[in-house]
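Asker: Quick one: sequence and predicted model below, then my questions.
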Amino acid sequence: MTKSWTVPALSRHKVAGGVSPLVMVTAYDAPSARMVDAAGADLILVGDTLAMVVLGYEDTLQVTVQDIAYHVAAVRRARPTPFVVGDMPWMSYHTSPKESVENAATLIRAGAQAIKLEGGRKRIPMIEAIVNAEIPVMGHIGLTPQSTHAMGGFKVQAKELEAAATLIDEAKALADAGVFSIVLEGIPDVVAELITEAVPVSTIGIGAGRGCDGQVLVFHDLLGFEERMRPKFVRRYAALGADGAAAIGRFAEDVRNRTFPADEEIYHTSSEVAAALQARFRSA
Ligand code: KIV
């Protein structure tokens, strides 16, 4: 049975204190939220990966606040026990603190219990404004997919000494600005460990090794919906893409060889009504 989480409890959840790591999985609609809930995850992230794994875009830059809000609402209609975080899409927190607060509020009104946004020091005025509006903020640093063009693609970050030192500083600055947790994506394990030691809030890793306070994977990646992209950090626990195609193939075969639908899958009238209908319409 999953427990229901609060922001303060999530924030102080540090594995160094002897607790087991937090489990976060993305979900984008009611059925996926129900599955993540039934599995006993601690958090659901309605991530902007929505763009790639659900909406078919090549990167995460195409989704809007309205898209994320629509999917947050679908997730919350499943009434999941895990804590629901809504992802702020690109350009929803880049231009001004006021606009950032308004966009964060849209996700909260859709049902998110907190929001997540990408970036380090540059985003601090926006983070502070959102936190001041009483909206809990989860940070996200390292490989930040919304910066794909600026970074030159989806590349592991902080591999060199100075870049790693800067990232550790950025993590501390985010914690000082009031984030309750930080996603660490695509960074060497030692850097993630040092950040996890350096900040008083929980860290949740994706492609960041074992030393974080939790781990997150994308629903469609962990369930193996497709083979197109498979980063090193993804472990597949099912092959739902292949299993689904095979199942639909069996349906197609049954339709074509006329074994679907079977008698028990058909609605019937009484034989009298059927006979009367046939007599009236077939003889005409
Ligand atoms: O949008 C998302 O799914 C994410 C995770 C990969 C952390 O940000």
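Answerer: Good, I have the coordinates.
Asker: measure the closest residue to the ligand within the chain to Glu128 for me?
Answerer: Distance from the ligand to each residue of the chain (Cβ to the nearest ligand atom) is smallest for Gly47, at 2.3 Å. (Glycine included, C-beta is placed from N, CA and C.) According to Cβ to Cβ, to the nearest Å, Gly47 and Glu128 sit 23 Å apart.
Asker: which one of these two has more residues nearby?
Answerer: Gly47 (30 against 16; other Cβ atoms under 10 Å).
Asker: contacting residues for the residue lying closest to Ala27 once chain neighbours are set aside?
Answerer: Closest residue in space to Ala27, ignoring its immediate chain neighbours: Ala33 at 4.3 Å, by Cβ to Cβ, 6 or more residues apart in numbering. Residues in contact with Ala33, defined by Cβ atoms under 8 Å, 6 or more residues apart in numbering, are 27, 44, 74-76, 78, 80.
Asker: hey, where'd the helices end up in this protein?
Answerer: Secondary structure of the chain by DSSP state H: the helices cover 7-11, 30-38, 50-53, 65-77, 97-110, 124-132, 148-151, 161-177, 189-198, 219-222, 240-256, 271-282.
Asker: tell me, which of the ones you listed is the model least confident about?
Answerer: Across the helices of the chain, the stretch with the lowest average pLDDT is helix 148-151; it has a mean of 91.
Asker: Packing partners of that one?
Answerer: Contact partners of helix 148-151 among helices and strands, from 3 or more Cβ pairs under 8 Å, 6 or more residues apart in numbering; DSSP states H and E: none.
Asker: CA atoms of that helix as CSV?
Answerer: C-alpha atoms of helix 148-151 as CSV (Å, rounded to 0.1, in the frame of the first residue of the first chain):
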residue,chain,number,x,y,z
THR,A,148,18.8,20.2,-26.4
HIS,A,149,19.7,22.8,-29.1
ALA,A,150,22.0,24.8,-26.7
MET,A,151,23.7,21.6,-25.4
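Asker: Residue numbers of this protein in contact with the ligand?
Answerer: For the chain, the contact set with the ligand under Cβ under 6 Å from any ligand atom comprises 26, 45, 47-49, 87, 140, 183, 185, 206, 216, 218.
Asker: looking at it, Thr203 is touching Gly214, isn't it?
Answerer: Yes: counting by Cβ atoms under 8 Å, Gly214 is a contact partner of Thr203 at 7.2 Å.
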